[in-house]
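Asker: predicted coordinates and the sequence they were generated for:
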Amino acid sequence: MAYQFNDGEVYDGPTITLPDGRVVSGATFTPESRRLYEIEVVPEPVVVAQVTEAVRARDDSGRLVADDKATPEVNEAWVVGKAPKKKALRKKKSVS
């Protein structure tokens with residue numbers, strides 16, 4: 001149960017419920033005790049992370065699955081995303 005004061009400040013401490021039903025702050029009822037109002041706690045929305053990297057397909061044994069060349073429109077080697085582009089090879093400088 002969450003409570004707040006009349007000015008909107010959230011209170012997280014000991015509370016006392018008086019016989020008339022009012023809830024006040026503090027472990028004991030003193031002149032410094034202030035009335036509390038119950039607030040509804042709204043859970044934070046769950047954020048689902050989206051996979052941006054490509055993930056390789058694996059079989060039941062955990063080994064990588066190869067692409068089937070008979071189906072050119074589907075790449076079976078990748079589960080999520082597209083296959084990354086191959087990096088260009090650097091040309092070696094010839095020593096003269």
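Answerer: Structure received.
Asker: so, low pLDDT: which residues of this protein?
Answerer: 51-52, 96 (pLDDT under 70).
Asker: phi, psi of the residue minimising distance to the centre of it?
Answerer: In the chain, the centroid-proximal residue (CA atoms, centre = their mean) is Val47; its distance is 4.5 Å. Dihedral pair for Val47: phi -100, psi 120, per degrees, to the nearest 10.
Asker: try Ile16
Answerer: phi -130, psi 140.
Asker: look up how far Ile39 lies from it.
Answerer: Going from Ile16 to Ile39 by CB to CB, to the nearest Å gives 18 Å. C-beta: built from backbone N, CA, C; applies to glycine.
Asker: next one: Ala49
Answerer: For Ala49, the distance to Ile39 equals 30 Å [CB to CB].
Asker: those two: which has the busier surroundings?
Answerer: Using other CB atoms under 10 Å, the more surrounded residue of Ala49 and Ile39 is Ile39, with 13 against 5.
Asker: might you report the residue contacts of that one?
Answerer: 2-4, 10 (CB atoms under 8 Å, 6 or more residues apart in numbering).
Asker: strands along the protein, start to end?
Answerer: Assigned by DSSP state E, the strands in the chain fall at 2-4, 10-11, 15-17, 23-25, 35-39, 55-56, 78-80.
Asker: which of these sits most buried?
Answerer: Ranked by mean neighbour count, the strands of the chain are led by strand 23-25 with a mean of 17 (mean count of other CB atoms under 10 Å).
Asker: which other helices and strands does it contact?
Answerer: strand 15-17, strand 35-39 (3 or more CB pairs under 8 Å, 6 or more residues apart in numbering; DSSP states H and E).
Asker: mind putting these in CSV, distance to Val79 included?
Answerer: Shown next, in CSV, are these (distance: least, CB to CB, whole Å):
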stretch, distance to Val79
strand 15-17, 52
strand 35-39, 44
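Asker: about what we covered before: wait, which of the strands of the chain is closest to Val65?
Answerer: In terms of CB to CB, the element of the strands of the chain nearest to Val65 is strand 55-56, at 7.7 Å.
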